[in-house]
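Trainee: Structure here, sequence nowhere to be found:
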Ligand code: UT7
């Protein structure tokens, strides 16, 4: 008889056990941004809701911010470094092609037996990584997974580009996902539309920069087109994620979409007809758009208020470059 392979013991569910954030100390207002673009504080507030954003200094890197956020999430959940089986780092602003940033993050966390990898799904990266973490924990392939979104967008945004300079900010947020007797992370609804990859993209490739020396690649965005896509996709996948989790929209204690623009967040909340008791994350006002870090940062901000009960359902919705999207309902830690 052929030998039969053993597989890990499965867990009935997974859940978020702790959340940690890191916000760079330098806070930049709209007037400082407007010194380099033809814009105004009034326009930026009205069209995006953003009042300030944090901008990382030279010592605040994708790796260092990820480590700080992850340490806090591990401390909050009581997770020891040796109990971490995987580190997933969602980022679009780590500037080294190889190796990935995650192994260095795992090393600095002291997670000696953890696998580690970067997840490249831009602004939806955190929800993608969370979906993967849920699968890893439920399959038994990892006992605890540290999921991080960390971005130094100021490295890849052109401060003279009127279409993006005012939008983005820096920071990191992390969660620890571990086993649970009942499901605490619902089915992930994800998808992508590579035909529209050019809508949020670097303005040139590294190859082009090598052949035609010039400024290094920076991000460009077809703002209005992305806005229209987001306004349609966010309500659609929100409804789907809630349905697949076996809940009603009225069950939600919190709605935590990617913090791209306060107008997108408010329009989605209106279109979903969220109940008055559903708290809507609006971290974008003081953090800007921090890409993969925005959802855990916004989640951390909501939890720090102390009014959301542990176990209450929150809807997370990521969307952005790719174009890619991902959403799931989670039980709050
Ligand atoms: O994180 C990934 C996903 N990203 C998103 O979801 C972002 C989606 N897009 C947006 O949030 C919005 O498109 C922006 C906030 C980026 C731009 O707002 P908008 O209302 O779509 O502006 P627009 O590009 O349609 O421009 C409207 C007007 C134009 O003037 P006219 O043609 O009406 O006279 C622009 O020239 O505003 C002008 N404009 C500006 N004015 C002052 C464009 N950029 C600026 C600016 N300051 N920075």
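Mentor: Perfect, I can see it now. Please read these numbers as outputs of a predicted model, since none were measured by experiment.
Trainee: and the residue in the stretch 101-250 of the chain that the ligand sits nearest to, what does it touch?
Mentor: Using C-beta to the nearest ligand atom, residue 223 is the residue of the stretch 101-250 of the chain that sits closest to the ligand, at 2.8 Å. Bear in mind the C-beta positions are built from the backbone N, C-alpha and C, glycine included. By C-beta atoms under 8 Å, 6 or more residues apart in numbering, the contact set of residue 223 is 163, 164.
Trainee: Near the ligand, which residues of the protein are found?
Mentor: 37, 39, 43, 47-48, 123, 162-163, 166-167, 200, 223-224, 226-227, 230, 260-261, 264, 289, 320 (C-beta under 6 Å from any ligand atom).
Trainee: Show the pLDDT at the residue of the stretch 101-250 of the chain closest to the ligand.
Mentor: Looking at residue 223, its pLDDT reads 96.
Trainee: any idea how far it is from residue 166?
Mentor: 11 Å (C-beta to C-beta, to the nearest Å).
Trainee: Could you pull out the helices in the stretch 101-250 of the chain for me?
Mentor: Taking DSSP state H, counting those that start in this stretch, the helices of the stretch 101-250 of the chain run over residues 102-109, 125-139, 206-211, 223-244.
Trainee: Show me how far the second one is from its chain's centre.
Mentor: With C-alpha atoms, centre = their mean, to the nearest Å as the basis, helix 125-139 stands 13 Å off its chain's centre.
Trainee: Ok, the first one next?
Mentor: Per C-alpha atoms, centre = their mean, the displacement of helix 102-109 from the mean C-alpha position of its chain is 19 Å.
Trainee: For it, name the packing helices and strands.
Mentor: Here helix 102-109 is seen to pack against helix 62-77, strand 84-90, strand 115-119, strand 144-152 when contacts are counted using 3 or more C-beta pairs under 8 Å, 6 or more residues apart in numbering; DSSP states H and E.
Trainee: So what touches stretch 270-278?
Mentor: Counting by C-beta under 8 Å, 6+ apart, 231, 235, 238, 239, 249, 250, 252, 253, 254, 255, 269, 280 sit against stretch 270-278.
Trainee: what would these look like in JSON lines with distance to residue 154 and neighbour count?
Mentor: As requested, the contacts of stretch 270-278 are exported to JSON lines (distance: C-beta to C-beta, whole Å; neighbours: other C-beta atoms under 10 Å):
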{"residue": "231", "distance to residue 154": "27", "neighbour count": "15"}
{"residue": "235", "distance to residue 154": "31", "neighbour count": "19"}
{"residue": "238", "distance to residue 154": "30", "neighbour count": "25"}
{"residue": "239", "distance to residue 154": "35", "neighbour count": "16"}
{"residue": "249", "distance to residue 154": "36", "neighbour count": "16"}
{"residue": "250", "distance to residue 154": "40", "neighbour count": "11"}
{"residue": "252", "distance to residue 154": "33", "neighbour count": "24"}
{"residue": "253", "distance to residue 154": "33", "neighbour count": "19"}
{"residue": "254", "distance to residue 154": "28", "neighbour count": "22"}
{"residue": "255", "distance to residue 154": "28", "neighbour count": "23"}
{"residue": "269", "distance to residue 154": "29", "neighbour count": "19"}
{"residue": "280", "distance to residue 154": "27", "neighbour count": "18"}
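Trainee: Now for these: which two are most distant?
Mentor: 231 and 253 (23.8 Å; C-beta to C-beta).
Trainee: on that earlier part again, burial-wise, tell me which of the helices and strands packed on helix 102-109 comes out on top.
Mentor: For these, the largest average neighbour count (mean count of other C-beta atoms under 10 Å) is found in strand 144-152, namely a mean of 32.
Trainee: Each with direction, which strands does it pair with?
Mentor: Looking at strand 144-152 with DSSP bridges, its partner strands are strand 84-90 (parallel), strand 170-180 (antiparallel).
Trainee: In TSV, list these along with mean pLDDT.
Mentor: Shown next, in TSV, are the strands paired with strand 144-152 (pLDDT from 0 to 100):
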stretch	mean pLDDT
strand 84-90	98
strand 170-180	98
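Trainee: rewinding a little: just the buried ones from the residues of the chain next to the ligand?
Mentor: Neighbour counting over the residues of the chain next to the ligand (16 or more other C-beta atoms under 10 Å) leaves 37, 39, 47-48, 123, 166-167, 200, 223, 226-227, 230, 260-261, 264, 289, 320 as the buried ones.
Trainee: Secondary structure element holding residue 310?
Mentor: Here residue 310 is covered by no helix or strand, with elements defined by DSSP states H and E.
Trainee: From residue 101, how far out is it?
Mentor: 31 Å.
Trainee: what about the two, which has more around it?
Mentor: Each of residue 310 and residue 101 has its neighbours counted (other C-beta atoms under 10 Å); residue 101 has more, 23 against 8.
Trainee: Name the nearest residue to that one, ignoring sequence neighbours.
Mentor: residue 94 (4.5 Å; C-beta to C-beta, 6 or more residues apart in numbering).
Trainee: ok, now which ones touch the one you found?
Mentor: Taking C-beta under 8 Å, 6+ apart as the test, what residue 94 contacts is 62, 63, 100, 101, 118, 152.
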